[in-house]
Structure formats: structure tokens, C-alpha cells
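Colleague: Need coordinates for the below:
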Amino acid sequence: MGVRKFKPTTSTLRFTTISDFSEITKSKPEKSLLRPLKKSGGRNVYGRITSRYRGGGHKRMYRVIDFKRNRFDQEAEVLAIEYDPNRTARIALLQYEDDTKTYIIAPLELKVGEKIVSTKSQKVEFKAGNCMPLAMIPLGTSVHNVELRTGKGAQMARSAGTYATLMAKEGEYAFLRMPSSEVRKVRVECLATIGQIGNVEHESCSIGKAGRMRWLGRRGGVRGVVMNPVDHPHGGGEGKAPQGNPHPVTPWGKPTKGYKTRKKQKYSDKYIVRRRNYKKK
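Modeller: This is a model prediction of the structure:
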């Protein structure tokens, strides 16, 4: 697992870096766990663009990931570590004793041939890939794939290289420090998976060229200051002109660039112990 660089034979390859994919052990996905994935090109059901600068990109199939891990006390063997085009993390192919196969997000230390298990009651080894309620996990442990509601499936800490740290437990709640540094309360019966997610070097990779963004389905974004006044509030002016507005806005006049859009009173406020933008005085 590392980052691969190229000889600078072209101006774009000079800055391009990609993963070396050394942890991948299987090149083709499991057919039974594939589903079609249709692109919208940023259009809604009326064909109108609701998300700008999207379109094109390589065709993909969706890999069905088991975020619930609800086959309790059944050991599963890791058959392969695979690439998933729909997420930054790698995925692991598991096979249970009844030959059922599922995908999970691959933790950093998980190896092919290992046995992992999900449990709610039994005491199991605290190793990467094992899934259990937060109540059973010791303090200071790194976890990922954390549930917000019991039985709903993992919603937090799911991207490459991320993990949440179990800081404390108090009554019905566990205190988790999230990858964003936010400290949040989660019920102790919610499931979490031990370990850090793999592909840690993902954030070190450089796109390198515009064409590679197009492969991902992202078209080039245009700055408002280079548009005409009819297209954007920042547009117009003779020659190169500044934005003009005292506060930067979107094309539709809403404040942007740092403007906080979170509701003043949100239902989940009571679960946030310390915000991610907390500054020590």
C-alpha cells in the first residue's frame, strides 16, 4: 500500500500520483453483489440541472456493502481485498460458513484468510474487522462504520483512512471523537467495527490533470467573476474585475464561502458535545 509516481514524460504526469494498489488481491468483483448504477448528470426528474458541473465519467456498477453486520456470532473468512470505484476505501469480500458472500469496508490491518465476526453478546477478540456494540469496546479504541441508530447500519467514519476514537462512556451514551475532531454522543448499543479504514494514502494522491476529473464524472467549475452579469452576481466589469459584492454570494444570491448554513436549532445539537470548529481560549 503506497503512492505511485510517474516519469514526467508529459506536463500532467509530472504531478500525477496514484495508489499502487498493492493490497488488491482480486481484479474482478463478485457478480452476485453487483447492482446497476445509473448516472443523472446532475439533472432532476424534469431534466433540469440541479447540481452543476457534473456529467460523463466512466461507467460503474454498484457493490452492495453490508453496513448492518447483523449476522451475529457467525464467523466469516476474508476471501479477497478489492477495489471499489464508488468509494475511497477498499472493500473486503467475506464468505460465511453457509457460503453466503458479502462485502464490507476493509480495515487497515485486515488480511486475506483471516476470520472475523459480528457479535452483540459474546466476548470476542478486539481485532480489526470484528463488529460489536460500543458498550463492549474498551476506551481509547479506534473504530469505524459507526451506527447512529441501532440497527440502521453504519453511517459515520466510512471513508479511506478515517477512524473515530472512543473517548468515554456515561450511562446510555458513548462519547466519540470523530475524524473532524467533533466529539459526539452515540448510544452504547450502536454497532461499530474495530480498527482504522485502509487506503490511508488516498489523501496523498494528486489528480494531476483535468482529464482525470472528467473520468470521475466531474466537469470543470467556472468562477463567478469571469461570467457575465446575467449569469452571476460577481460577473461583468471592464477587463479583470473583482467580485464587487461586499459578501460573496451564489448565482442565486445566497451567501457563500464560509457562511454557516446549519440550522440554529437542530434536533441533533443535544448529541454534539464539542463542535469541530471549537477553539481553545
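Colleague: When you work out contacts or count neighbours from here on, use the C-alpha atoms and nothing else.
Modeller: Fine.
Colleague: How is this structure partitioned into domains?
Modeller: Using automatic domain parsing, the domains assigned to the chain come out as 3-202, 223-270.
Colleague: Looking at the shortest one now, give me its mean pLDDT.
Modeller: Taken as a whole, domain 223-270 carries a mean pLDDT of 92.
Colleague: And it, end to end?
Modeller: End-to-end distance of domain 223-270 (C-alpha to C-alpha, to the nearest Å): 38 Å.
Colleague: and what of the longest one?
Modeller: Using C-alpha to C-alpha, the span of domain 3-202 from its first residue to its last is 8 Å.
Colleague: can you check stretch 93-104 too?
Modeller: Using C-alpha to C-alpha, the end-to-end distance of stretch 93-104 comes to 7 Å.
Colleague: And the most centrally placed residue in the chain, what's its pLDDT?
Modeller: Residue closest to the average C-alpha location in the chain (C-alpha atoms, centre = their mean): residue 159, at 3.1 Å. As predicted, residue 159 sits at a pLDDT of 96.
Colleague: about what we covered before: nearest to residue 215, out of the domains of the chain?
Modeller: Residue 215 sits nearest to domain 3-202 of all the domains of the chain, at 4.3 Å, using C-alpha to C-alpha.
Colleague: coming back round to it: select, out of the domains of the chain, the one closest to residue 216.
Modeller: So among the domains of the chain, domain 3-202 is nearest, using C-alpha to C-alpha, at 4.9 Å.
Colleague: can you map out the helices along this structure?
Modeller: Applying DSSP state H to the chain gives helices spanning 210-215.
Colleague: Distance check, the residue lying farthest from the centre of it against residue 225.
Modeller: Relative to the centre of the chain, the most outlying C-alpha is that of residue 238, 42.9 Å out, by C-alpha atoms, centre = their mean. Per C-alpha to C-alpha, residue 238 is found 11 Å from residue 225.
Colleague: ok, now which ones touch the closest residue in space to residue 101 that isn't next to it in sequence?
Modeller: Distances taken as C-alpha to C-alpha, 6 or more residues apart in numbering place residue 95 nearest to residue 101, at 4.5 Å, with adjacent residues excluded. By C-alpha atoms under 8 Å, 6 or more residues apart in numbering, the contact list for residue 95 reads 76-79, 101-102.
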